[in-house]
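Chemist: just the structure for this:
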Amino acid sequence: MTLQVTPFYAAVLGLLFIRLSVGTLLLRRKLKIAIGDGGNPQMLRAMRVHANFAEYVPLSLLLIAMFEMRGGQFWFVHALGLCLVIGRLSHFYGVSQTTERLAFRVFGMAMTFTALGGAALGVLIPYIF
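Modeler: Now for the predicted structure:
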């Protein structure tokens, strides 16, 4: 079975990752911090948003792709991808604010966990039943 839905979300998230990477690089240049956070809370926030994305998105996309390849319902694959994109955008917005918007961070992680957990269960359930 070929992937019809997951590549779309992988591409959208790939572009978002580039945005996060460029934002972090530009902030490094502005603050003159070559490595680490230099003790700057703004740099630390940018680094954590970027790293958190890199920590959660690859496994989530892999599980969504596996679910789709195993015949997961078209609408459910879209729902998982949309949850992941919305979750990452919300997390990015919430954490990147100087005065953190905790509700956006919490919502973002909840959506990310929904996508990750939903895809994991979608792959695992056929092995159990």
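Chemist: ok, then the element right after the helix or strand hosting Met66?
Modeler: Element membership of Met66 [criterion: DSSP states H and E] is helix 41-69. Moving toward the C-terminus from helix 41-69, the first helix or strand encountered (DSSP H and E) is helix 74-96.
Chemist: that next one packs against which elements?
Modeler: For helix 74-96, the elements it packs on are helix 6-31, helix 41-69, helix 102-128, judged by 3 or more C-beta pairs under 8 Å, 6 or more residues apart in numbering; DSSP states H and E. Where you see a C-beta, it was placed from the backbone N, CA and C, and this is true even at glycine.
Chemist: next, count neighbours for the nearest residue to Val49 once chain neighbours are set aside.
Modeler: Excluding the flanking residues, the one nearest Val49 by C-beta to C-beta, 6 or more residues apart in numbering is Val95, at 4.9 Å. The local packing of Val95 (other C-beta atoms under 10 Å) involves 19 other residues.
Chemist: what's the distance between Val95 and Arg88?
Modeler: Using C-beta to C-beta, to the nearest Å, one obtains 11 Å as the distance from Val95 to Arg88.
Chemist: isn't the residue nearest to Val49 right up against Ala103?
Modeler: No - judged on C-beta atoms under 8 Å, Val95 makes no contact with Ala103 at a distance of 11.7 Å.
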